[in-house]
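Undergrad: just to be clear, the model below is a prediction. Sequence and coordinates:
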Amino acid sequence: MNPSPRDNFYRCMTLIVDNGNEAAWDLLDYYLSKQGTTLKDFIQNNQHEIYHLCYNYGGCCRCQYGTVNKPKSRILYQSQLDILLDTKGNNIPCNVHVRSKPTCSHTVNDHFANPNIVTKQLDLTLCRCLLFNFTNILPQGSVERNAFEDLINMRNKCCHAAKGEISSKDYQTYKAQIEKCLLALAQVYGKTHDMQLKIKDAEKRPLDESICKQLQQTVLQEQVLQGISGLHKHIESSQEAEERTTIEIQKIGKSTKRTLRAVNSSTKSAGHTASKIKKIEESTKRTLMAVKSNKRSVERKLKVNTERTMRAIDSSREAEENTATKIQKLDERLSKYGR
């Protein structure tokens, strides 16, 4: 007898819930053991960065000790942050303001790792967050990293199955894809054979409908939170745009005031300049009048001097003629005496 679409859905979900989560836990434990650390210490060492995966909009009071690269969009939600960090302390709230943002949500001596946290408290999403952002065990573009992403995509696809049912054709496709992802991850921490046995066992295991429903609700809740986060992000972007617009308006207002002051100053300066130009024109007129007067005086003097010179020349000519006449008469006298 062929499994019903409902059974196919449960089989896929069981494969993801049991074997998928276990693969993620084993992968994270494998990394921690190689680093010689515990999950608590690992989270403790990265608490500042983890905090900003949830609060990515600005700085916090601890950024003064070291800034972190904040993601453009939120990766963690408050409910997920509460699993990783101790955010329930009754300490004095932080009073640090960062630009125009509200005070950060830190409290004194809080936000350390939850003291009793273990890997089995983490779902696929939280495991991916820690493995992708704070380890190098799944390099960017690697087969294993893509397998982890595909596993989460298959989980989401199954959770969106209409009425919680998967056809026989889709079941074979989904099952093959999920098994491929699980084996790729198991190869990283060296338990490929164990994973193969667990996959075979999952086919015969009794169905647990409650687990499947719980996972379906969890995934749908995550996607609702993502939608809300997107809405918050849009609101924050609108607020930031409004703040930038207000700042620009204030700048324009200040610039307008400076321009008006400059215009007033230019008007006054123009008045002073016009006065100076008028004085220069008057001075120029006086100079021209003086030049004309000097010219007339020079012309008069030149005329007088010319007349004097002409009279002197005429006198010289008359004297010359008189002298010539006298010489002629003297010559005539001498000629008479010579005879």
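TA: Structure's in. What do you need?
Undergrad: phi, psi of the residue positioned nearest the centre of the chain?
TA: The residue lying closest to the centre of the chain (C-alpha atoms, centre = their mean) is Lys72, at 10.1 Å. When read as degrees, to the nearest 10, the backbone of Lys72 gives phi -70, psi -30.
Undergrad: any idea how far it is from Ile178?
TA: The gap separating Lys72 from Ile178 is 30 Å, by C-beta to C-beta, to the nearest Å. Every C-beta, even on glycine, is put in place using the N, C-alpha and C of the backbone.
Undergrad: kindly report the same for Thr245.
TA: Thr245 is 49 Å from Ile178, by C-beta to C-beta.
Undergrad: check Leu122 too.
TA: 19 Å.
Undergrad: what does Ser73 give?
TA: Taking C-beta to C-beta, one finds Ser73 at 27 Å from Ile178.
Undergrad: these two: which is more packed in?
TA: Ile178 (23 against 10; other C-beta atoms under 10 Å).
Undergrad: same for the helix or strand the more buried one falls within, what does it pack against?
TA: Ile178 belongs to helix 168-188 when assigned by DSSP states H and E. Counting contacts by 3 or more C-beta pairs under 8 Å, 6 or more residues apart in numbering; DSSP states H and E, helix 168-188 packs against helix 5-14, helix 21-35, helix 143-159, helix 192-204.
Undergrad: packing partners of the third one?
TA: Taking 3+ C-beta pairs under 8 Å, 6+ apart as the contact definition, the neighbouring helices and strands of helix 143-159 are helix 5-14, helix 124-134, helix 168-188, helix 209-338.
Undergrad: could you do the last one as well?
TA: Under the contact definition 3+ C-beta pairs under 8 Å, 6+ apart, helix 192-204 sits against helix 5-14, helix 168-188.
Undergrad: the same query, at a cut-off of 6 Å, please.
TA: When contacts are defined as 3 or more C-beta pairs under 6 Å, 6 or more residues apart in numbering; DSSP states H and E, helix 192-204 sits against helix 168-188.
Undergrad: the second one too?
TA: Helix 21-35 makes packing contacts with helix 124-134, helix 168-188 when contacts are defined by 3+ C-beta pairs under 6 Å, 6+ apart.
Undergrad: helices or strands up against whichever helix or strand comes after it?
TA: Downstream of helix 21-35, the first helix or strand assigned by DSSP H and E is helix 39-45. Counting contacts by 3+ C-beta pairs under 6 Å, 6+ apart, there are no secondary-structure elements packed against helix 39-45.
Undergrad: mean confidence for helix 39-45?
TA: Averaged over helix 39-45, pLDDT sits at 92.
Undergrad: can you check stretch 146-163 too?
TA: pLDDT averaged over stretch 146-163 gives 85.
Undergrad: try stretch 184-198
TA: Stretch 184-198 carries an average pLDDT of 94.
Undergrad: same question, stretch 288-305
TA: Averaged over stretch 288-305, pLDDT sits at 76.
Undergrad: quick one: distance of it to the chain centre.
TA: Distance of stretch 288-305 from its chain centroid, counting by C-alpha atoms, centre = their mean, to the nearest Å, is 79 Å.
Undergrad: show me where the stretch 1-150 of the chain dips below the pLDDT cut-off.
TA: 1, 58, 64-67, 88-111 (pLDDT under 70).
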